[in-house]
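Coordinates for the following, if possible.
(chains A and B)
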Amino acid sequence: MKLYYFSEMPHHEYPDAEGDKYPSLRLAFPNRFFDPGKAAENYQRYFAEYELADQVGFDGLMINEHHSTPSCVDVGVNMTAAVLGRTTKRAKILILGNILPVEDNPVRMAEQLAMADLVSNGRVLSGFVRGVGVEQWWANANPVHNRERFQECHDLILKCWTEPGPFRWEGKHYHFRHVNPWCLPLQKPHPPIWIPGTASPETAIWAGQRGYTYVPFLVPFEIARELFEFYRQGAAEVGRTATPDNFGFLICAVTADTKAKAIEAGRHFVWRMGPTLRGPIDWFQPVGMRSRAGKQFALKARPRSLATMSYEDLLAANLIIAGTPDEVADKFALVHRELGVGHLLLEAQESRMDHETTARSIELMGAKIIPLTSKL
Amino acid sequence: MNPREETIAVGGVDVHTWISGQGDPLLVLHGAGGNRGFTRSMRALAERYTVYAPTHPGFGRSGDAEWMDGIDDLARFHLWFMEAAGLRRPHLLGHSIGGWTAAEMATMSPGSIDRLVLVAPVGLKPETGEILDVFFYSPQQLRDLTVHDPKTIPEWDELYGKPPTPAELEIVERNREMTARLTWKPYMHNPRLPRFLSRVTNPALIVWGREDQIVPVACGEQYRRLLPNATLHVFDHCGHLPPIEQPDAFARLVLDFLGGGAR
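Predicted coordinates:
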């Protein structure tokens, strides 16, 4: 099983009491609380931590993108990928992902991803996501078109990568008369495509039909298994058999020299489960964004919202794993046994977890955990 | 007279339609909240006119029209509806997005309609203030923002007194989704509409509530200025729903304007 290091590059640099005054930390929390000096320092350390993860043997470095929120100030994954392409040497760069439905120029996105793949010497894993509702508001993109635009943007990017130009594209949402990108990926036919999932059976089936790597985020194990079943259905429809390499899972994890230190550090993950997800439903899931089937499955997938779970609940559900290296390695083995995944994505830094704690956790994972999990 | 329900097929869409009354035809186009049918003010209008109240495609019990992309599509559609329903030069009354639709219809085919009543229509970008981003608020919050004072509304209990059934909630969701399809960007207005309105010489009545928190009353003044033959009436102590909030005064005003006020 391969391990991936991931930080949302949070900007938790304001008094929490200020954030509590607003209906949500997303969209509504005024950006006068953004501290450019702190942000500049943080980018340095976040990149240093990614570089350390590369050096100690992580298989991949995962990055993601959000907007208008202190929970994630990685506002351009393709920029981040380009930086990591130069400052790291061997780990894959897992972009999970570009938010396709809010993208107005898929040709430029195809070019940027190709450039990141070239700069990194073919290390890009290209994730495509539908985004949370907040990104629809940020981009003022009609949520009713989310699924259609995801599909069409994906199709055009793939065509840019796999069919010789010049060609014309006249779809429903995208129109380009002269497509001929002079920047193509190093990996052939194109960088591997990854798709995250939280609750849409359709997305799992769709990913299965295409043989993409599918990764549920922070859902109970039984829900992940159900989503994998949908994926297998999709794969079977086209005569494909899914392998562990097609499946990943994302959890939060930290280790330390002592159990007490690890348990203390793990508390930082609670911020991303509650406060950063607080807000009106219409902001996170605007009208028309989710299909009826997706909505019904979502209700089942999250019998309890993450926000209502205590730290102890989250530890018990293995959505957060915190402990000594041996304990954490055992838990990773458990995830592997339970879900049969080939990729385990670790959100391994959050909130105000400091550099020292984060770096020590990365070092210990490299020294004591990766050698064990790589054999799974 | 009890209203009757008909399904009228127009351009491949089954349009659920309430019909009631007697006299010349009056076509009524509902707002984003959906087709409320024959409420008190509508019943009063139906005493003098044959009122046709179709449910827009994608709303309520009408068929889907996912191909529609803007209010101009809906306006073309309702011009077809007039033909399909056999309405010759009806008076046209529209509320909120129905008012915008009515205004667009008048710019497309001014000769096919008689008098025009626009009730708190969206469609113009306010010169001062903003049209509330209705998708940013829950349906419950919107209900409170939509009316000025529930206590003054005679039909409040009838319309809002009971918790909605699951089937009604489905329709609320469906109405919201179709509204998003039609109005998301540019939000609730057509930047070219001011250019078109100057050609609409039909007599027009613009109706607004002084306390409208959804669409600024300033838009009423803009419509009045842009339409060559329009008057503006503003109700005090009234929000975005004059036909519901002040049904009797609203019906009297409209009947007077349409010429049916005196027997």
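
Who are the packing partners of the biggest helix by length in chain A?
Counting residues, the longest helix in chain A under DSSP state H turns out to be helix A:36-56. Helix A:36-56 sits against strand A:2-7, strand A:60-63, helix A:77-87, strand A:343-349, helix A:355-364, with contacts defined as 3 or more C-beta pairs under 8 Å, 6 or more residues apart in numbering or on different chains; DSSP states H and E. For every residue, glycine as well, the C-beta is placed using N, CA and C.

Residues of chain B that sit close to chain A?
The interface of chain B toward chain A, taken as C-beta under 8 Å from any C-beta of the partner chain, is made up of B:135-138, B:173, B:176-177, B:180-181, B:184-185.

I'd like to know which of the residues you listed are part of helices.
Using DSSP H, the members of those that fall in helices are B:173, B:176-177, B:180-181.

average pLDDT across the host helix or strand of A:Lys159?
A:Lys159 belongs to helix A:146-162 when assigned by DSSP states H and E. In this model, helix A:146-162 carries a mean pLDDT of 97.

could you pull out the strands for the chain?
You didn't pick a chain, so chain A it is. Per DSSP state E, chain A carries strands over the ranges A:2-7, A:60-63, A:92-99, A:124-129, A:167-170, A:175-179, A:193-197, A:213-216, A:248-255, A:320-323, A:343-349.

meant chain B, my bad for not saying
B:4-10, B:13-21, B:25-29, B:50-54, B:91-95, B:116-119, B:204-209, B:230-235.

re earlier: so for the ones in helices among the residues of chain B next to chain A, which is the shakiest by pLDDT?
Least confident of these in the model: B:Glu173, at 93.

Return the residues in contact with that residue.
Shown in contact with B:Glu173 (C-beta atoms under 8 Å, 6 or more residues apart in numbering or on different chains): A:Val287.

how close does it sit to A:His336?
Per C-beta to C-beta, to the nearest Å, B:Glu173 is found 40 Å from A:His336.

Please list the residues of the stretch 251-376 of chain A that sit near chain B.
Selection of the stretch 251-376 of chain A residues close to chain B by C-beta under 8 Å from any C-beta yields A:280-283, A:286-288.

With pLDDT and neighbour count added, can I get those in a markdown table?
Compiled in a markdown table, these are given as follows (pLDDT from 0 to 100; neighbours: other C-beta atoms under 10 Å in any protein chain shown):
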| residue | pLDDT | neighbour count |
| --- | --- | --- |
| A:Pro280 | 94 | 18 |
| A:Ile281 | 92 | 9 |
| A:Asp282 | 94 | 21 |
| A:Trp283 | 96 | 21 |
| A:Pro286 | 94 | 26 |
| A:Val287 | 93 | 25 |
| A:Gly288 | 91 | 23 |
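
Among those, name the ones in helices.
A:281-283.

Which single residue in the stretch 101-250 of chain A comes nearest to chain B?
Proximity of the stretch 101-250 of chain A to chain B (C-beta to the nearest C-beta) peaks at A:Asn142, 4.0 Å away.

and the closest residue to that residue other than its chain neighbours, how many residues sit next to it?
In this structure, A:Asn142 finds its nearest non-sequential neighbour in B:Trp184, 4.0 Å apart by C-beta to C-beta, 6 or more residues apart in numbering or on different chains. When neighbours are defined as other C-beta atoms under 10 Å in any protein chain shown, B:Trp184 has 22 of them.

Centroid-nearest residue for the chain?
Picked chain A for this. Closest residue to the average C-alpha location of chain A: A:Leu96 at 4.0 Å, with C-alpha atoms, centre = their mean.

not quite, I wanted chain B
Ranked by distance to the mean C-alpha position of chain B (C-alpha atoms, centre = their mean), the top residue is B:His95 at 2.2 Å.
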